[in-house]
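model this:
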Amino acid sequence: VSGREEARLIYSGVSHTMPAGPGRRLVCDIGGGSTEIVIGEGLVPLEMESLQTGCVRVSEEFFADGKLSQKRMQRARVAARQAIEPYQAAFRKRGWDEAVGSSGTVRAIGDSIRELDPTAVDIGADGLERIIHELCSLEHIRDLKLSSVTDDRRLSFAGGVAILSEVFEQLGIESMRVADGAMREGLL
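Below is the predicted model:
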C-alpha cells in the first residue's frame, strides 16, 4: 500500500479501537521503513503523511551492529528531524487535542518508560529523555537491561527512540497515549 493509504489504515485502526474523544487526535506509527503521522477527528483522517524514515532504517544507518553513543543518537535525531520538518508547520497549524502512538515500537518505548518509572502512565518527553540517557550510557544495545525490549525488537529500538523523540520535539507533543490498534485493525 502507498504511504498515505497506510496512514489512513493506521488512523482507522486506532480510531476504531480507542474511545472517541472530543476534538482532534494526532496518531504516530513508527514502522520499520516509514513513520506515519495523521491528524483526524472521530473516524475521519484530516492530515496524513508518511515519512520515509523508520526504526529499522535509522538503526541500520546510525546504530550499525548495535553500537550506541551520544554522537550516534544525535545524528539519528537530526535525520529524523529532517524527515519531519517539511510537515511540521502544517501539522502544528491544524492542531490536535490528544496524541496517540501505535505499533510495536511505540508500545515498547512506553513499556520501557514504565519499567524505569512505574508511576508513568503515558509517554512523556521526560521519559523519552530518560530512555535516551539509558541508551547513550551503553556501548552496545545487547547491554540494555530493559525486559520490555524483546530480542526481536532490540536492534531497531534505538532508531525508534530517536524518531519518536523528534516527533515529540518537532510537533511540540507533551504526552502520548499508546493505542492497541494499528494498521491490522484498520484493514479489518
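
where exactly do the helices run in this protein?
Assigned helices in the chain, in chain order: 3-17, 55-62, 70-94, 104-116, 125-136, 151-171, 183-187 (criterion: DSSP state H).

ok, the residue nearest to residue 95 when sequence neighbours are not counted - contacts?
Nearest non-adjacent residue to residue 95, counting by Cβ to Cβ, 6 or more residues apart in numbering: residue 24, 6.4 Å away. For every residue, glycine as well, the C-beta is placed using N, CA and C. Residues near residue 24 by Cβ atoms under 8 Å, 6 or more residues apart in numbering: 39, 40, 41, 46, 94, 95, 96, 97, 98.

Next, name the residue at the spatial heart of this structure.
Residue closest to the average C-alpha location in the chain (Cα atoms, centre = their mean): residue 164, at 3.9 Å.

show me where pLDDT drops low in the chain?
Scanning the chain for pLDDT under 70 picks out 181-188.

Let's see that with 90 instead.
Low-confidence segments of the chain (pLDDT under 90): 1-22, 43, 103-104, 179-188.

sorry, back to before: quick check: of the contacts of residue 24, which lies closest to residue 5?
Checking the contacts of residue 24 against residue 5 by Cβ to Cβ gives residue 40 as the nearest, at 14.5 Å.

What distance do you get for the closest one to residue 14?
Using Cβ to Cβ, to the nearest Å, one obtains 9 Å as the distance from residue 40 to residue 14.

which of those two has more neighbours?
Comparing residue 40 with residue 14 by neighbour count (other Cβ atoms under 10 Å), the higher total belongs to residue 14, at 26 against 22.

And for that one, nearest residue in space, chain neighbours not counted?
Per Cβ to Cβ, 6+ apart, closest to residue 14 is residue 179, 4.5 Å.

Tell me how many other residues crowd that neighbour.
23.

Next, give phi and psi for it.
Dihedral pair for residue 179: phi -90, psi 150, per degrees, to the nearest 10.

so what's it up against?
Residue 179 makes contacts with 13, 14, 17, 18, 27, 100, 101, 102, as judged by Cβ under 8 Å, 6+ apart.

Who is the fifth one paired with across the strands?
In this entry, residue 27 is beta-bridged to residue 38, residue 100, by DSSP bridges.

Tell me how far it lies from residue 71.
Counting by Cβ to Cβ - residue 27 and residue 71 are separated by 31 Å.
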